[in-house]
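Enquirer: fold the following and give me the result.
(one chain, ligands or ions: 2)
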Amino acid sequence: MTTTQPTTTAGSPRPGPDAAARSVVHVGSDAAREWWRDAVIYQVYPRSFADGNGDGIGDLPGVTAHLDHLRRLGVDAIWLSPFYRSPQNDAGYDVADYRDVDPLFGTLADFDEMLAGAHERGMRVVVDLVPNHTSDQHEWFAAALAAAPGSPERARYLFRDGRGPGGDEPPNNWQSIFGGPAWTRVEDGQWYLHLFDSTQPDLDWTHPEVRAEFEAVLRFWLDRGVDGFRVDVAHGMVKADGLPDWDGHVEMVAGAGDATGDDAAPGAPEDGSTGAGNSGPMFDQDGVHEIYRDWHRVLAAYEGDRALVAEAWVEPLSRLARYVRPDEMHQAFNFSFLTTGWDAAALRRVIEASYRANDAVGAPTTWVLSNHDVVRHPSRLGLPDLGVRPNGLFATDPQPDEELGLRRARAATLLMLALPGSAYLYQGEELGLPEHTTLPAEVRQDPAFFRTEGAEAGRDGCRVPLPWTADAPGFGFGPTGATWLPQPESFARYAADVQDGVPGSTLELYRAALATRRTEELGHGGLAWLDVWADSPDVIAGRNRGVTVVANLGASPVALPDGAEVLLASGPLAADGTLPADTTVWLRA
Ligand code: NOJ
Ligand code: CA
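Expert: Ligands and ions are numbered 1, 2, ... in the order given. Predicted coordinates for the structure are as follows:
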């Protein structure tokens, strides 16, 4: 990441973008205008967004109470992580009843109120669908346990006899993504498959009743008025015939711990791969696409451009794009972008590969830097070893540099929001919120922490309740000050109320970026690289409609064109007008 050719300042010729050679990466279009093609979608993780009733757990009334925050932020849509009936062994990604709200989060009436409130404010609502597995508390699984091996009740899940003497060995050698074996034995000796926790049995998607049930669940929520679904583990529902042994290793963030960024950059493939793809006989089987063709037809029968977004950890991007072919899903999360290090060449490559793959199928490219499964990007980008992609952090791990991480995070976000397509934001990132990196073991709740016997910290650190008010108990998360995870003291600096209206705050940066993105229609624009800064390999510079974006990922400042009108900057420019390290600027092109 060293700048091989520092482009500074005094004496160096000042570039002018108009004279710049350009290479087109993506051609914009005004033709297709479905809302999801350029939407900025804000992820609400309900248990940590805002608590309405004071029990320390966020809920749907809490979301409704803060809808004006989201409207002012300027997002187009909200995606809510699961709020369905669930024993909460995986924070709601273990669903016991797909058609009801868990009392922890409220009622169906609370959901309807939240949905209406979002729609009144011009925001769409996407809900989470968890079709790969149910909770072990789902009525189907209870019936399967009560029934005999070989029964129709068991056929909806993946029950198998074990191997070896007495069937004492699991049916194959698969490991759970949360650690430990992917099989659990039941009393009569059979085993069932769970790619995640043992309380999350995998469904058998070759079973017609499973298919019919989920189409009915889609219709249940479409009839209530939702605008789309984020589909959990969209690449995992169909397994290879015969469930063959596999010696690979699966993880939540695939390739976690691999070197990326600096170390990997020189050899990083042109296809943008970063190691973010899950592979093996449990992932990305051709059969999944049939399901999405069926679902596409279900959604298409409703008015209003309802949309499906795939949570599919699949690489390369050209392979991921198969999920968003015209008759399948509408978007897929771009985890290759999320897992690319702070490296200009690697980012340029992944951006190019993203457009190449999605343009080939006519789908919008999506962008994402944070979610409820990964270390928040201000902390990730502040780690001393940028090559590491940890599954959470312990107090004993090397700690992120808070100031550096925030500076880079703001620069990364401003780069992301200049790119055509659709962007996902994770709650709290508009505050620049860091990961809680020192949570003690006794408060951790992620099953990944327990199933790895504490080897991995897990995801609790990015799920800490949001700070709304700096000087209120629990930073204003709810009326009592109770919070289901402890908040670090540093959250006082990030609370929404201390940033509101403060020039230069992260909250105001996000608001301004989203407003400009909207008025300039950047989501529908095109992208052309500018080679003005070609001598500075650590600079990413591109033109989208009326905006030039310049990101300086290097250590040295770089010159900006003379007289350039600065629309937005992720941090202060130097006194001589140059663009400092780890800073992104939007210029009037
Ligand atoms: C992906 C979700 O984002 C994650 O939080 C969950 O644990 C797994 N899928 C299992 O549902
Ligand atoms: Ca609550």
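Enquirer: return the residues of this protein in contact with ligand 1.
Expert: Proximity of the chain to ligand 1 is confined to Asp90, Tyr93, Val130, Phe196, Asp232, Val233, Glu311, His372, Asp373 under the rule CB under 6 Å from any ligand atom. C-beta: built from backbone N, CA, C; applies to glycine.
Enquirer: make it 5 Å
Expert: Asp90, Tyr93, Phe196, Asp232, Val233, Asp373 (CB under 5 Å from any ligand atom).
Enquirer: the third one - that's part of a strand, no?
Expert: Going back to what we said before, that points to Phe196. No. Counting by DSSP: H, G, I helix; E, B strand; the rest coil, Phe196 is not part of a strand but coil.
Enquirer: so for stretch 322-330, what gets flagged as buried?
Expert: Going by neighbour count (16 or more other CB atoms under 10 Å), the buried part of stretch 322-330 is Arg322, Tyr323, Val324, Arg325, Glu328, Met329, His330.
Enquirer: ok, of the residues of the chain next to ligand 1, which one's closest to ligand 1?
Expert: Ranked by distance to ligand 1 (CB to the nearest ligand atom), the residues of the chain next to ligand 1 are led by Tyr93 at 3.4 Å.
Enquirer: would you agree that closest one is in contact with Pro82?
Expert: Yes. Using CB atoms under 8 Å, Tyr93 is in contact with Pro82, at 5.9 Å.
Enquirer: which residues are in contact with both of those two?
Expert: The contact sets of Tyr93 and Pro82 overlap at Asp128, Val130 (CB atoms under 8 Å, 6 or more residues apart in numbering).
Enquirer: do you have the helices of the stretch 451-589 of the chain handy? List them.
Expert: 491-494, 496-499, 506-519 (DSSP state H, counting those that start in this stretch).
Enquirer: so which of the ones you listed is nearest Val238?
Expert: Across the helices of the stretch 451-589 of the chain, Val238 has its closest neighbour in helix 506-519 (37.0 Å, CB to CB).
Enquirer: who's in contact with that closest one?
Expert: 40, 72-75, 406, 410, 413-414, 417-418, 425, 429-432, 494, 496, 499-502, 522-523, 547, 567-568, 570, 586.
Enquirer: the residues you listed, buried ones only, as a PyMOL selection?
Expert: Burial among these is assessed by 16+ other CB under 10 Å; the matching PyMOL selection reads:
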select buried, resi 40+73+74+75+406+410+413+414+417+418+425+429+430+431+432+494+496+499+522+523+547+567+568+570+586
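Enquirer: of the contacts of helix 506-519, which belong to strands?
Expert: Val40, Leu425, Val547, Leu567, Leu568, Trp586 (DSSP state E).
Enquirer: quick one: the last one and Ala418 touch, right?
Expert: Yes. Applying CB under 8 Å as the test, Trp586 and Ala418 come out as touching, 6.3 Å apart.
Enquirer: overlap of the contact sets of the two?
Expert: Common neighbours of Trp586 and Ala418 are listed as Val547, Val549 (criterion: CB under 8 Å, 6+ apart).
Enquirer: surely Leu67 and His119 touch.
Expert: No. Contact criterion CB under 8 Å: Leu67 and His119 do not qualify, at 10.1 Å.
Enquirer: before I go, just wanted to say thanks for your time.
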